[in-house]
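Peer 1: what follows is a predicted structure for the sequence shown.
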There are 2 protein chains.
Amino acid sequence: MAAKVLYDFTAEPGNNELSVREGETLTITNQNIGGGWIEARNSRGEVGLVPEDYVEVSQPQALTAGGSVPPLDLSFFDNHAAASNTQVQTSNGSDPWAVFDTNASGGFSNNWAAQPEGTETGQSGNNAWGSGGHGHPHAYPGPGAEDDEWDEWDEDRKSSGGFGESEVSDGSAITRGGAHGSSMKITLNKFPGFSKSGPELYLLSKQVSKGPKLSVYSGEVGPVWEYTEPQLDCVVADPKKGSKMYGLKSYIEYQVTPNTTNKPVNHRYKHFDWLYERLLEKFGSAIPIPSLPDKQVTGRFEEEFIKMRMERLQAWMSRMCRHPVVSNSEVFQLFLTYKDEKDWKTGKRKAEKDETVGVMIFSTIEPEGLADLELLEVEQKCEQFSRFTKSMDDGVKDLLTVGQEHWKRCTGPLPKEYQRIGKAFQNLSSVFNSSGYEGEATLTDALTAAGKTYEEIAQMVAEQPKKDLHFLMETNNEYKGLLGCFPDTIGVHKAAIEKVKEADKLVATSKITPGEKVTMGKRASTMSYALQAEMNHFHSNRIYDYNRVMQQYLEQQAKFYETIAEKLRHAHSQFTTM
Amino acid sequence: MAAKVLYDFTAEPGNNELSVREGETLTITNQNIGGGWIEARNSRGEVGLVPEDYVEVSQPQALTAGGSVPPLDLSFFDNHAAASNTQVQTSNGSDPWAVFDTNASGGFSNNWAAQPEGTETGQSGNNAWGSGGHGHPHAYPGPGAEDDEWDEWDEDRKSSGGFGESEVSDGSAITRGGAHGSSMKITLNKFPGFSKSGPELYLLSKQVSKGPKLSVYSGEVGPVWEYTEPQLDCVVADPKKGSKMYGLKSYIEYQVTPNTTNKPVNHRYKHFDWLYERLLEKFGSAIPIPSLPDKQVTGRFEEEFIKMRMERLQAWMSRMCRHPVVSNSEVFQLFLTYKDEKDWKTGKRKAEKDETVGVMIFSTIEPEGLADLELLEVEQKCEQFSRFTKSMDDGVKDLLTVGQEHWKRCTGPLPKEYQRIGKAFQNLSSVFNSSGYEGEATLTDALTAAGKTYEEIAQMVAEQPKKDLHFLMETNNEYKGLLGCFPDTIGVHKAAIEKVKEADKLVATSKITPGEKVTMGKRASTMSYALQAEMNHFHSNRIYDYNRVMQQYLEQQAKFYETIAEKLRHAHSQFTTM
């Protein structure tokens, strides 16, 4: 089966990978590698692994002329091919830390630079599986029409036209805001702050929210969310391979056990993704919702891939559990504690019909015992958070860059060098052994032992990053993901502030009443309290997380050097004392 | 003053060096840098340090047309310029371990491959300071006509024509063997084994040696030299800058104190070099005499250079002291224990007139209580030593190569990376400090401390090689030097064996008498005992040296890792326990 290369991919040496260039045609030799990889042969006859998202598989039958393939049909032909067709542009296929790189804001830009209003343009809608939006590559379950309720989401998705639709006009978000028939359309509206009229939806809303209130209190450190005890947590474990359609399709199901019920529920990756979409839609304007580990291509083999994904799903779930607003939300509780499929189905439909989404989340927030803030204060807080998150983003990225280089050195040239030192000692030992001179067995044995010690050190050096640097990197990647959400969240606030600044003019031109102006100010203050509570939540988590990860890192590093020293002491003791 | 570049030189970054290419013309901006360096400016106006041996200085006065400059005149004009003019081809100017690279066999090749007889061709004699021979760059005392006895050696040297003379003909070495008028001419004859008739000089010698005998005994490990107690040793210390000619010329004088008399004597580098020449000439056929650290260009500054040279002179002297034959020789004793200048002068002249040199050293060797060896045994022993020294040479070079790479990594990229990790932690700490969130001082302080710890580790890593790898490298470099002498020594033996094999034919054609044939066999046996004694000396020293250096290396390495672990434990303790 032929495949066309969509993006350049540079093979990592020693991993059986194949470097390919955009536009190149490959012959697929094995589609069942797993972990997001396929095996392919290029025109020079070289065979190797290529990320399946980097190629577009040509259809073997029926379609000989090159036209876009309807994904529905495609899924019946070939599960992998369908997955390959999602064409998501991963930022860097050879980068093990690129997982959180693109931060899930769909067609929206993640840039820290101020977003010019009304210039947001999406992809044209020609290809429902086009490169816009959240069409991350599902290495396991491909999209397909299935008869059980669990897959209706896939069909929703297909019929929605995805994020590919053009979104040029200013008011379109609002217009569509009411059309909640499709979950995808709701999602389009998730950051109305980016359209001029976005925050107005809340600032000038006449509607009173009927749902549960989210309280913001005055805590020791300033405004804080309401924290409930005991803190929710859950364990993601026990990945199991399932199959359906008489074994034609397979998927991985994870067991998720919350500490509240201690009763496990099963979820496939796409359910996590569904949850993510709901949380982003509902809370994204107020709370950074980091994206799932979706662009994962590092798992060379299925097992490794599953383990890594599970570890990251666990981290994501734990972070969501720690958030008082998210963890207490109906949709999150549903995900963790649904009783049966019927319960799940009902809850799922209800969540998808939730209208308190986007900026409307602020309508549920109630500052308790907190005086309204002046606009200047609101603005100053917003600026302060913007500066902080920007500089932390820089700091985290800097650490990730140096960590990645260190990782490469520790797993590449450094252990090779220790190995060569070890070999050189052993080589000298065997030369000495050939001397024919009596009584140097102690020296040659000790020299061999020293050589072997350096070979052991080589192996320790190569394996150490998995024991310490890995967690430092994972934590910083999580923070990079979180911090990547702030520009959008802060953007909503900035847009609201701008709106309130225009209030006088709007009153003067009779666009709004003086009473509405007062309401706008109060609501901007509420938004600011929400942002402050969120920042305080972020800070307290940050302090906890960095304390923990640094301790773990330094503990492991100290142990590592202690073990090396012990090994060297032992090697030393084998030489004759003179 | 203009200078022409003789060899390409690549600057090491960060050392103020200047890359130059062969044939380029430079302007010398400072000749008094010291340590074998000059400061020069290239045609692009760039200024930097260049090894003075890499350039030929043009004469400022009198000589405007480019002709070869008589070295005698030159030395009057400018001390440094004269030194620069020696034009010795150092193997690699930027290689800190290249010191022992060329192994002092003058115009002779050091190749392990069998030396084709009679193909030895020297440089043409056009330039008395040409690239052949031992004209190593004296960074301090340049050659010059001086009125005290201490410098007559320089004049000898100048009038001899150096090693530049053509040496093509087969028998020339023998012809010249008698001409002991000039020390340089004697040296030309130092390896008569390389000419066909070489070992005959001893094998068929009628002359009975009158000097002291060198006994070979049967020891536990086989034939051994006679070892006397206490073992001689000496301390090379206290380098002092002296000057003469009213300060126009300066030199460094080292204090050498033997453990026998405990009375210090002073020697300049050139006296060590004189000693080396004498030992090589006298013992070189039987005993590997490693060359002095002469090609030294690593000392960036005078002080560092002097320290390094002294350290290596010490190592060289200690090794010579440990050798029972060398340390008991008259010339070596003279060097260590001369009473006054008159004593030194007399002894020096006597040593230079010594006729028991080259293969004739074997005439002083007396195997005691050892039965004559069959030629086959002689040959087998010779082959065995040849194999061993060859494979040890490979092993040592392998270790030196990897050690050098490790040195580079430890002093270059690795500490830079630790420093960057340290900076990244500190950077994150200062970002955290700007959060405005209360009560994270413990975290930020600990994070700063962790960052500083990694900066300290960076420095430790960069400095560690000087504490351990340095000695491992020095020892292996010494052995590389020693091993580089064996092909010549073994070559003498092989030539003798070939000669003995021809004995029957020589008897048949009445070239020698049957009695002479018997003598040849006996003498080959004596040579073999000498070689065996020398190999056993080599082995016992090797075992001692490698035991010692490996212990030192591993001890320092263990300490290094222990210190790092301690630092990390301390950094760890500063985080909050949770």
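Peer 2: Looks like it arrived, so ask away.
Peer 1: drop to CA atoms for contacts and neighbour counts, all remaining ones
Peer 2: OK.
Peer 1: next up, the contacts around the closest residue to residue A:236 other than its chain neighbours.
Peer 2: Among residues not flanking residue A:236 along the chain, residue A:256 sits closest, at 4.6 Å (C-alpha to C-alpha, 6 or more residues apart in numbering or on different chains). Taking C-alpha atoms under 8 Å, 6 or more residues apart in numbering or on different chains, we find residue A:256 in contact with A:234-237, A:264-267, A:336.
Peer 1: tell me the helix or strand right after whichever strand or helix holds residue A:256.
Peer 2: Secondary structure assignment for residue A:256, by DSSP states H and E: strand A:249-258. Using DSSP H and E, the helix or strand that follows strand A:249-258 towards the C-terminus is strand A:265-268.
Peer 1: buried residues, that next one. List them.
Peer 2: Within strand A:265-268, the residues that qualify as buried are A:265-268, counting by 16 or more other C-alpha atoms under 10 Å in any protein chain shown.
Peer 1: can I get the CA coordinates of the following helix or strand past that strand in PDB?
Peer 2: Next helix or strand after strand A:265-268 toward the C-terminus (DSSP H and E): helix A:269-283. Below are the C-alpha coordinates for helix A:269-283, written out as PDB (Å, rounded to 0.1, in the frame of the first residue of the first chain):
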ATOM      1  CA  TYR A 269      -8.700   7.300  25.700                       C
ATOM      2  CA  LYS A 270     -11.400   8.900  23.700                       C
ATOM      3  CA  HIS A 271     -13.500   9.200  26.800                       C
ATOM      4  CA  PHE A 272     -10.700  11.100  28.500                       C
ATOM      5  CA  ASP A 273     -10.700  13.300  25.400                       C
ATOM      6  CA  TRP A 274     -14.400  13.800  25.600                       C
ATOM      7  CA  LEU A 275     -14.000  14.900  29.300                       C
ATOM      8  CA  TYR A 276     -11.200  17.200  28.300                       C
ATOM      9  CA  GLU A 277     -13.500  18.800  25.600                       C
ATOM     10  CA  ARG A 278     -16.300  19.300  28.100                       C
ATOM     11  CA  LEU A 279     -13.900  20.800  30.800                       C
ATOM     12  CA  LEU A 280     -12.300  23.100  28.300                       C
ATOM     13  CA  GLU A 281     -15.700  24.200  27.000                       C
ATOM     14  CA  LYS A 282     -17.100  24.800  30.400                       C
ATOM     15  CA  PHE A 283     -14.100  26.200  32.400                       C
END
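Peer 1: do the longest helix along chain A and chain B meet?
Peer 2: Using DSSP state H to define each element, chain A has its longest helix at helix A:514-573. Yes: using C-alpha under 8 Å from any C-alpha of the partner chain, helix A:514-573 reaches chain B at A:536, A:539, A:543, A:546-548, A:550-551, A:554-555, A:557-562, A:564-566, A:568-569, A:571-572.
Peer 1: could you confirm residue A:243 falls within a strand?
Peer 2: Yes: per DSSP: H, G, I helix; E, B strand; the rest coil, residue A:243 lies within a strand segment.
Peer 1: roughly how far does the closest residue to it other than its chain neighbours sit from chain B?
Peer 2: Spatially, and ignoring its direct neighbours in sequence, residue A:243 is nearest to residue A:250 (4.0 Å; C-alpha to C-alpha, 6+ apart). As judged by C-alpha to the nearest C-alpha, to the nearest Å, residue A:250 and chain B stand 42 Å apart.
Peer 1: okay, now residue A:250: neighbour count?
Peer 2: When neighbours are defined as other C-alpha atoms under 10 Å in any protein chain shown, residue A:250 has 16 of them.
Peer 1: give me the pLDDT for it.
Peer 2: Predicted confidence (pLDDT) for residue A:250: 75.
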